[in-house]
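**Student:** Following is a predicted model, sequence given first.
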Amino acid sequence: MSCPTVKLEPVGVEVKDLHKSFGDKKVLDGVSFSVKPGEIYAIMGPSGSGKSVILRHIIGLMQADSGKVLIEGKDASDTATHRQYVTSIVFQDGALFNSMSVYDNLALYPLEHRICDKKALRERIERVLAMLSLQGADNLMPSELSGGMKKRVAVARALMMQPQLLLYDEPTSELDPELAASTAELIAAVRAETGLTSIVVTHDRELAASIAGRVALLRQGRIAFEGSPAELAACQDTAVQAFLHPVIDIENPRFRKQADKVAK
Amino acid sequence: MILAARNFLELLGYSLILLWRSLAQVGPMFRRPRRLLDQCFFMGNATVGLVILLSFAIGAVLALQTGYSFQDFGAKEYIGSIVGLSMVRELGPVMTAILVVGRIGSATTAEIASMRVYKEVDALVTMNIPPERLLVTPRLVAILFIMPILTLMSIVAGWAGGAIVAHNTSWIDLNYMSYYNTLARFVTDSAVTDGILKGEFFGVSVVLISCAVGLRASGGPRQIGESVTRAVVLSIIYILFTDYFVTELLLSLH
Ligand SMILES: Nc1ncnc2c1ncn2[C@@H]1O[C@H](COP(=O)(O)OP(=O)(O)OP(=O)(O)O)[C@@H](O)[C@H]1O
Ligand SMILES: [Mg+2]
């Protein structure tokens, strides 16, 4: 057995009227969108708006209060769906296995599922690490990595699964501008090479603008905007523009306005 | 109180489910025997010294106590049988189990709880790798191998402690031969197997409870510490509680 890069059968994702609360705090209040097979779909939105929560629903780690997520028409909260279709996620904080070296982190999935022989596996891991500018990091432990390196190892580990659907939770948030650009290129290249479906949660406007087919904006538990990057840039909604192009105003800072509001 | 008892029962229920799922992973686990060996090595390393030391001390004190009580009866030869049987049937397995709680159970819960809190368990699930395969099954199989060895060590160390004290205390002054003779007369093979079975039962239960508590952890770093405390307390209550019934069961089987 070797590990060829195969053309994958991409899968479509449908999120239908998703509701989720934690205690009495409503996080998702009827989120619906659908992602076409092979598309790169970007989700943007303020911190704490529930982007990671959406991804956890899609990957099957969280149960919705109501509404559902379908992958190729199959319920995403059912583990059988994730056995039928290879789905993977890059967690926001990486979620690397802290007791394993970088190499073992990447090797775990292929070994446990007996996908590769040892030699082909090493070659593939070297290749994936090189793609993410991580050459020579294979023997390091996660605790020895910088934040940005962890993030890239997490991306590498997800790529090792050769998924049909790959969810990225802020893949570029801790990277310098050049690495962020290179990671964006990688996401697009992986899609071009394998045809997988990608959902990218990001705060990175350039990433969304350059590689996403469509962008959604999550606000107050709903999709406030959905459209192509060009449509997003042209959107006249003031809230959308304020979110995308915040003006840094030293004379009249936001935190002071907010503090004043609380004081009243 | 009622709530605590309910939580406890709920956890035992979950432990049984966990046991079932872990058994299903025994086959896949043996494909990577390294994990099992690592666990065996860790478990042995963490406990052997402590088990020997503590059991030796307990055997010694036991000999001293019985020697003192028997002084007036002139029945000091029976010190051997008392120390021998107590160590085999009760103190050996129970002491070993309690040390296993402290050294192995707590480490197990800490590691698994931290993997849960830092989403490593989630990552395993998304990779379609049952967490039990990596986290629970190797530990259960390892303790199955290690526990009889530990229990035997504990028993022998206790005997030795008793013998040395009985021989060297001036007002007992029992020679090794008569100590050993009464010990050998009363300690039957079935007593030894009972002791080892008991240890095995406790060992597996403790590891299972520790894994279950760890896997149920959620929240932040503080919950890791809480889980460890919980696992230790629950395990000790469980040992002391089931000890009676296991003993009765084993005795009734003869
Ligand atoms: N397991 C949980 N228990 C309770 N509340 C949660 C849980 N997970 C998320 N939340 C809450 O849900 C809200 C959305 O969280 P989420 O992590 O999805 O935000 P996000 O959009 O990913 O933000 P960021 O851009 O900062 O990552 C937050 O207010 C958070 O407090
Ligand atoms: Mg997030």
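**Tutor:** Right, received. Where do you want to start? Ligands and ions are numbered 1, 2, ... in the order given.
**Student:** What sits closest to whichever residue of the stretch 151-264 of chain A sits closest to chain B if chain neighbours are left out?
**Tutor:** Closest approach of the stretch 151-264 of chain A to chain B (CB to the nearest CB) occurs at A:Met161, with a separation of 6.7 Å. For glycine as for every other residue, the C-beta is placed from the backbone atoms N, C-alpha and C. Excluding the flanking residues, the one nearest A:Met161 by CB to CB, 6 or more residues apart in numbering or on different chains is A:Ser88, at 4.6 Å.
**Student:** Show me what the helix or strand encompassing that neighbour packs onto, helices and strands only.
**Tutor:** Assigned by DSSP states H and E, A:Ser88 belongs to strand A:87-90. On a contact count with 3 or more CB pairs under 8 Å, 6 or more residues apart in numbering or on different chains; DSSP states H and E, strand A:87-90 meets helix A:51-59, helix A:147-160, strand A:165-169, helix B:120-126.
**Student:** returning to that earlier point: model confidence score at the residue of the stretch 151-264 of chain A closest to chain B, please.
**Tutor:** As predicted, A:Met161 sits at a pLDDT of 93.
**Student:** Pull up the gap between it and A:Thr87, please.
**Tutor:** Noted for A:Met161: a distance of 8 Å to A:Thr87, by CB to CB, to the nearest Å.
**Student:** And B:Val26, by the same measure?
**Tutor:** Noted for B:Val26: a distance of 27 Å to A:Thr87, by CB to CB.
**Student:** Between these two, which is the more surrounded one?
**Tutor:** A:Thr87 (27 against 14; other CB atoms under 10 Å in any protein chain shown).
**Student:** Help me confirm that the more buried one comes into contact with A:Leu55.
**Tutor:** No: judged on CB atoms under 8 Å, A:Thr87 makes no contact with A:Leu55 at a distance of 10.6 Å.
**Student:** Give the residues shared as contacts by those two.
**Tutor:** Common contact partners of A:Thr87 and A:Leu55 (CB atoms under 8 Å, 6 or more residues apart in numbering or on different chains): A:Leu167.
**Student:** that older thread, a markdown table for the helices and strands packed on strand A:87-90, including distance to ligand 2 and mean neighbour count?
**Tutor:** Formatted as a markdown table, the helices and strands packed on strand A:87-90 follow (distance: least, CB to the ion, whole Å; neighbours: other CB atoms under 10 Å in any protein chain shown):
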| stretch | distance to ligand 2 | mean neighbour count |
| --- | --- | --- |
| helix A:51-59 | 3 | 23 |
| helix A:147-160 | 13 | 23 |
| strand A:165-169 | 6 | 26 |
| helix B:120-126 | 14 | 22 |
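**Student:** The helix ranked longest in chain A: how far from the chain's middle?
**Tutor:** When chain A is parsed with DSSP state H, its longest helix is helix A:177-194. With CA atoms, centre = their mean, to the nearest Å as the basis, helix A:177-194 stands 13 Å off its chain's centre.
**Student:** Check stretch A:205-216 too.
**Tutor:** Distance, stretch centre to chain centre, for stretch A:205-216: 13 Å (CA atoms, centre = their mean).
**Student:** Would you mark the buried spots in it?
**Tutor:** If you call a residue buried by 16 or more other CB atoms under 10 Å in any protein chain shown, then stretch A:205-216 has these buried ones: A:205, A:207-209, A:211-212, A:214-216.
**Student:** Among the residues you listed, which are located in helices?
**Tutor:** Those of the buried residues of stretch A:205-216 lying in helices (DSSP H): A:205, A:207-209, A:211.
**Student:** could you say which helix or strand contains the residue most central in space within chain B?
**Tutor:** Residue closest to the average C-alpha location in chain B (CA atoms, centre = their mean): B:Ala97, at 2.0 Å. Take DSSP H and E as the rule and B:Ala97 turns out to sit in helix B:92-100.
**Student:** ok so, going back, does ligand 1 have contacts with the strand holding A:Ser88?
**Tutor:** No: remark: strand A:87-90 sits outside contact range of ligand 1, by CB under 6 Å from any ligand atom, the gap being at least 12.5 Å.
**Student:** what sits up against the next helix-or-strand element following that strand?
**Tutor:** Using DSSP H and E, the helix or strand that follows strand A:87-90 towards the C-terminus is helix A:102-112. Applying CB under 8 Å, 6+ apart, the external contacts of helix A:102-112 come out as A:3, A:96-97, A:100, A:115-116, A:121, A:124-125, A:128-129, A:134, A:137-142, A:145, A:153, A:156-157, A:160-161, B:28, B:32, B:127, B:129, B:133.
**Student:** are any of the residues you listed buried, and which?
**Tutor:** A:3, A:96-97, A:100, A:115-116, A:121, A:124-125, A:128-129, A:134, A:137-138, A:142, A:145, A:153, A:156-157, A:160-161, B:28, B:127, B:129, B:133.
**Student:** which stretches of chain A have low pLDDT?
**Tutor:** Scanning chain A with the threshold set as pLDDT under 70 gives A:1-7.
**Student:** roughly how far apart are the most centrally placed residue in it and ligand 1?
**Tutor:** Geometric centre of chain A, nearest residue: A:Tyr168, 1.5 Å, by CA atoms, centre = their mean. Taking CB to the nearest ligand atom, to the nearest Å as the measure, A:Tyr168 falls 12 Å from ligand 1.
**Student:** Contacts only, for that residue.
**Tutor:** A:Tyr168 neighbours (CB under 8 Å, 6+ apart): A:89-90, A:155, A:158, A:187, A:198-202.
**Student:** got it, and A:Met161?
**Tutor:** A:86, A:88, A:109, B:127.
**Student:** residues near the second one, how many?
**Tutor:** A:Ser88 is surrounded by 24 other residues when neighbours are defined as other CB under 10 Å.
**Student:** For ligand 1, see how far away it is.
**Tutor:** In terms of CB to the nearest ligand atom, A:Ser88 sits 18 Å off from ligand 1.
**Student:** B:Leu251: neighbouring residues, count only.
**Tutor:** Residues lying near B:Leu251 (other CB under 10 Å) number 10.
**Student:** what's the nearest residue to it if we skip its chain neighbours?
**Tutor:** B:Asp194 (7.9 Å).
**Student:** what about that neighbour, neighbour count?
**Tutor:** Residues lying near B:Asp194 (other CB under 10 Å) number 21.
**Student:** wait, is it part of a helix?
**Tutor:** Yes: assessed by DSSP: H, G, I helix; E, B strand; the rest coil, B:Asp194 belongs to a helix.
**Student:** so it makes contact with B:Glu90?
**Tutor:** No: using CB under 8 Å, B:Asp194 is not in contact with B:Glu90; the gap is 10.1 Å.
**Student:** what comes up buried for stretch A:99-119?
**Tutor:** Applying 16+ other CB under 10 Å to stretch A:99-119 flags A:100-103, A:105-112, A:115-116 as buried.
**Student:** got those as TSV, with distance to B:Ile58 columns?
**Tutor:** Formatted as TSV, these follow (distance: CB to CB, whole Å):
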residue	distance to B:Ile58
A:Met100	40
A:Ser101	43
A:Val102	47
A:Tyr103	46
A:Asn105	45
A:Leu106	49
A:Ala107	46
A:Leu108	44
A:Tyr109	48
A:Pro110	50
A:Leu111	45
A:Glu112	44
A:Ile115	52
A:Cys116	53
